[in-house]
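In: Need the 3D shape of this:
(chains A and B)
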Amino acid sequence: ILNVEQSPQSLHVQEGDSTNFTCSFPSSNFYALHWYRWETAKSPEALFVMTLNGDEKKKGRISATLNTKEGYSYLYIKGSQPEDSATYLCASGTDSSYKLIFGSGTRLLVRP
Amino acid sequence: SQTIHQWPATLVQPVGSPLSLECTVEGTSNPNLYWYRQAAGRGLQLLFYSVGIGQISSEVPQNLSASRPQDRQFILSSKKLLLSDSGFYLCAWTHGTPSYEQYFGPGTRLTVT
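Out: Residues are numbered from 1 along each chain as shown, chains lettered A, B, ... in the order given. Here you go, the predicted structure:
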């Protein structure tokens, strides 16, 4: 994998449903994996930054896991709420650069 | 606490006109600075980043340029805008390596007509 890829591109769920998204990234020279939430008319805000294989992080109803050997990360939202509606971005950084490469995002819409 | 400012918030410019977008960071020193663009229906594309005054790394060859005249100031410019330059421009900063989260500014919506 040469780029950061996210799936699905968009997702519509009902309030209360649990959901998850996938981020695939290059596993060579891996340094860090970021997840951001980007709400309409706002700036992206960081959810998690993970660096170690097997890392699991949690913030309220949102959690993320990381597999650096196979190059993927999952973001989980438990009991989705309408306020969770946003675009979720993942980004990968390597140990040879100060830059992050972003995926195209997963747009989540939670219907009340 | 640190804050990041961008201006203008919105801009409508004709094709062929110049561009200058400014980003400033307060409350930190020697940040890494980044310019991103989101074109319509696309993801977040890294345009330039800077790890110090006068140090600019360009990611995408195009008619845009960036400058960092001061430690906490990052400017995105163009001599002649193209229609394809339309999009949402975000400035971001971070402390250092990719293990630090990035903090984004409020963005500039640029429409080239």
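
In: Quick check on the residue nearest the centre of chain B: phi, psi?
Out: Nearest to the mean C-alpha position of chain B, by Cα atoms, centre = their mean, lies residue B:35 at 3.0 Å. Main-chain dihedrals, residue B:35, degrees, to the nearest 10: phi -120, psi 130.

In: Does it touch residue B:48 like I think?
Out: Yes - at 4.7 Å, residue B:35 and residue B:48 qualify as touching, with contact defined as Cβ atoms under 8 Å. The C-beta positions use only the backbone N, C-alpha and C, and glycine is treated the same way.

In: Give the intersection of the neighbour lists for these two.
Out: B:66, B:76 (Cβ atoms under 8 Å, 6 or more residues apart in numbering or on different chains).

In: what's the pLDDT at residue B:60?
Out: Listed pLDDT for residue B:60 reads 80.

In: How about the contacts made by it?
Out: Counting by Cβ under 8 Å, 6+ apart, residue B:60 makes contact with B:45, B:46, B:47.

In: out of those residues, who's near chain A?
Out: B:45, B:46 (Cβ under 8 Å from any Cβ of the partner chain).

In: from the contacts of residue B:60, which ones fall inside strands?
Out: Counting by DSSP state E, the contacts of residue B:60 place B:45, B:46, B:47 in strands.

In: Give me the buried subset of these.
Out: B:45, B:46, B:47 (16 or more other Cβ atoms under 10 Å in any protein chain shown).

In: for the first one, what are its contacts?
Out: Spelled out, that is residue B:45. A:102, B:36, B:37, B:38, B:39, B:59, B:60 are the contacts of residue B:45 under Cβ under 8 Å, 6+ apart.

In: low-scoring stretches of the chain, by residue?
Out: No chain was given, so I picked chain A. Residues of chain A meeting the criterion pLDDT under 70: A:1-2.

In: if you could check chain B rather than the one you did, that'd help
Out: In chain B, residues with pLDDT under 70: B:61.
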